[in-house]
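Novice: sequence and predicted structure are below.
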Amino acid sequence: MQPVITVRHLVKRYAQMTAVDHISFQVAEGTCFGLLGPNGAGKTTTIEMLEGILRPTSGDIHYFGQPLKARAIYQDIGIQFQQTALPDYLTVRETLRLFASFYERSLALDELVALCHLHDVVNRDARRLSGGQRQRLLLALALVNDPRVVFLDEPTTGLDPQARRQFWDLLQQIKARGKTIVLTTHYMDEAETLCDHIAIMDQGQIIAEGAPQALLAEHFSGALVGLNDVVLPDDMRQRYASYLSQGRLYIQTQQVEVLLADLLAARVPLSQLQVQTPTLDDLFIKLTGNPLQEAN
Ligand SMILES: Nc1ncnc2c1ncn2[C@@H]1O[C@H](COP(=O)(O)OP(=O)(O)OP(=O)(O)O)[C@@H](O)[C@H]1O
């Protein structure tokens, strides 16, 4: 199947720095594609080039095999920005109506309200919404023209855990309608839950790309054991794959019991020992040496 979006050797330079540094990827139709990385990694710059808002320094972007021409895709895409100023003194319903009037095609208002769970607040002033309600309104605005591709820039930043989970459910429903979703996030659990394919960005480059589970399988085998402030004896260092991040040692093992027996035999202190199944957060630490949350 032809990809919805194809990006080749995309670069964005500002005077002093390269925000996006020769990245290439494809987004398949009907999938959720996630751009992940810490603050300043280049995610927003990338997504804004895909949306036709920022002009790339070099490289190219194709939609359904055609070069990106901002005006031509405008009717086909929906965008939820990180920050959106809504018009004052309008209710949720009036705001949706206003945005719908900008497009040739639009979803029926009632359908949009139901889809984004806005029934309770449809007559409320849009400035008087909770964080979760506001995000759902912004999502409804991104869907108002029934787009083929929806762009979401850090849609759940600042939401409490319950509102985040509700938002994830909503995105699953939107995906089930066959929409292609491109989102940026610095929450690895969000990417693991929602995305079919991810590209992890750091300092303007893609440092890993693939399906979340495939990426984890490629970089880890078995469990991950974390320990604080320890030095492994030489023979154990040779037998076990391990890496260090900020004073914490991570050891990979297929057999936790055998590793624990080896650690005890070598009199390695087991303070703050943790055994876990590797996550995308661990992958980020392994690839960059830094936890994602601290990079933020
Ligand atoms: N207009 C600009 N002029 C100069 N530098 C910029 C400009 N816009 C972004 N940058 C820089 O480009 C880099 C990438 O920024 P970008 O906003 O794309 O990162 P991000 O991954 O989206 O981060 P965040 O998670 O904080 O939104 C940063 O170092 C940023 O300071």
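Specialist: Yep, it's here.

Novice: of all the residues in the stretch 51-200 of the chain, which one is nearest the ligand?
Specialist: His186 (5.6 Å; CB to the nearest ligand atom). All C-beta spots, glycine's among them, are computed from the backbone N, C-alpha and C.

Novice: residues contacting the spatially closest residue to Leu152 that is not a sequence neighbour?
Specialist: Closest residue to Leu152 apart from its sequence neighbours, by CB to CB, 6 or more residues apart in numbering: Leu183 at 4.2 Å. Applying CB atoms under 8 Å, 6 or more residues apart in numbering to Leu183 gives the contacts Cys32, Phe33, Gly34, Leu35, Phe151, Leu152, Asp153, Glu154, Pro155, Leu171, Leu194, Cys195.

Novice: those residues in helices, which ones?
Specialist: Secondary structure from DSSP state H places Leu171, Leu194 of the contacts of Leu183 in helices.

Novice: in TSV: the contacts of Leu183, plus distance to Leu96.
Specialist: Below are the contacts of Leu183 laid out as TSV (distance: CB to CB, whole Å):
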residue	distance to Leu96
Cys32	24
Phe33	26
Gly34	27
Leu35	27
Phe151	19
Leu152	18
Asp153	20
Glu154	22
Pro155	18
Leu171	19
Leu194	24
Cys195	27
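
Novice: can you list the domains in the chain?
Specialist: Domain ranges of the chain: 5-216, 221-277, per automatic domain parsing.

Novice: among these, which is the most enclosed?
Specialist: Stretch with highest mean neighbour count among those: domain 5-216 (a mean of 18; mean count of other CB atoms under 10 Å).

Novice: quick revisit: quick check, nearest of the contacts of Leu183 to Tyr74?
Specialist: The shortest approach to Tyr74 among the contacts of Leu183 belongs to Phe151, at 12.3 Å (CB to CB).

Novice: out of the domains of the chain, which is closest to Pro291?
Specialist: domain 221-277 (6.6 Å).

Novice: quick one: pLDDT of Met1?
Specialist: Per-residue confidence (pLDDT) for Met1: 68.

Novice: surely Pro212 touches Glu190?
Specialist: No: using CB atoms under 8 Å, Pro212 is not in contact with Glu190; the gap is 10.8 Å.

Novice: average pLDDT across the strand or helix carrying the residue nearest to Leu152?
Specialist: Element membership of Leu183 [criterion: DSSP states H and E] is strand 180-185. Strand 180-185 shows a mean pLDDT of 95.

Novice: can you tell me the strand partners of that strand and which way each runs?
Specialist: For strand 180-185, the paired strands and their directions (DSSP bridges) read strand 32-36 (parallel), strand 149-153 (parallel).

Novice: would you list every one of the strands in the chain?
Specialist: Assigned strands in the chain, in chain order: 5-13, 18-27, 32-36, 58-63, 66-67, 77-80, 149-153, 180-185, 197-202, 205-210, 223-228, 242-245, 248-253, 274-276 (criterion: DSSP state E).
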